[in-house]
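> test case, fold it:
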Amino acid sequence: MPEIVAQPLLQSPTVAVSDTYCQGSHREAGAEECTRTTQLVFAYRGVFVRHVGHDQAIAEANQVLFFNATEGYRVSHPVTGGDASISVIVNEALLLELTPPTLLRKSSVPTFRQQRLRIDARTQTLVALLRHSLRKASRSLWKRRAWR
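Okay, here's the model as predicted:
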């Protein structure tokens, strides 16, 4: 089984959502990675640590992590068992419109000032409902295609 598996749940012109699973076999920070797009990552199972330079952010259920496009980071897993998270990619123009300016750096592309933000229980519930609904819709669509 691969170290990381991402299952797309929704793809539209304005938003993409995927469910990502990581085995978490690296306790120490791994090799540097980066993403091509700015992403909001909501961990819902397990824990991982995201290292950006000398800054660290713990990804767990009461945090949203901001992965800025082209920003290098490394990941470690201090707890065995891996992790799972929902990744949300919002169209840049819409993300700039929706995000409070105090959270963004002055830039032509959306770039968050900080790595993470605490989320409340209501937001955690909404993320869980989104994941459940999109997974259910995805399975239903797959079944309809299989019967054609």
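
> just for the protein, where's the confidence low?
Scanning the chain with the threshold set as pLDDT under 70 gives 1, 139-148.

> in the sheet, who's paired with the spatially most central residue of it?
With distances taken as C-alpha atoms, centre = their mean, the residue of the chain nearest its centroid is residue 41 (2.2 Å). Taking DSSP bridges as the rule, residue 41 bridges to residue 65, residue 87.

> check contacts around it.
Going by C-beta atoms under 8 Å, 6 or more residues apart in numbering, residue 41 touches 20, 59, 64, 65, 66, 67, 85, 86, 87, 88. No exception for glycine: its C-beta is placed from N, CA and C like everyone else's.

> repeat that for 10 Å
Listed by C-beta atoms under 10 Å, 6 or more residues apart in numbering, the contact partners of residue 41 are 20, 35, 48, 50, 57, 59, 63-67, 85-88, 116.

> and the residues you listed, which is closest to residue 74?
residue 50 (7.7 Å; C-beta to C-beta).

> part of a strand, is that closest one?
Yes: read with DSSP: H, G, I helix; E, B strand; the rest coil, residue 50 is one of the residues of a strand.

> now it, nearest residue through space, not along the chain?
residue 57 (4.8 Å; C-beta to C-beta, 6 or more residues apart in numbering).

> helix or strand: which one has the one you found?
Using DSSP states H and E, residue 57 sits in strand 55-59.

> what's in contact with stretch 96-110?
So stretch 96-110 is contacted by 37-38, 40, 66, 68-70, 90-95, 111-114, 117 (C-beta under 10 Å, 6+ apart).

> just the buried ones from these?
Buried members of the contacts of stretch 96-110, scored by 16 or more other C-beta atoms under 10 Å, are 37, 38, 40, 66, 68, 90, 91, 95, 111, 112.

> so what's the first one up against?
Spelled out, it's residue 37. Residues in contact with residue 37 (C-beta under 10 Å, 6+ apart) are 16, 67-70, 87, 89-92, 95, 109-110.

> for residue 78, state which of those residues is nearest.
For the contacts of residue 37, the nearest to residue 78 is residue 67 (19.1 Å; C-beta to C-beta).

> give me the number of residues near the residue nearest to that closest one when sequence neighbours are not counted?
Closest residue in space to residue 67, ignoring its immediate chain neighbours: residue 39 at 4.3 Å, by C-beta to C-beta, 6+ apart. A total of 19 residues lie near residue 39 under the criterion other C-beta atoms under 10 Å.
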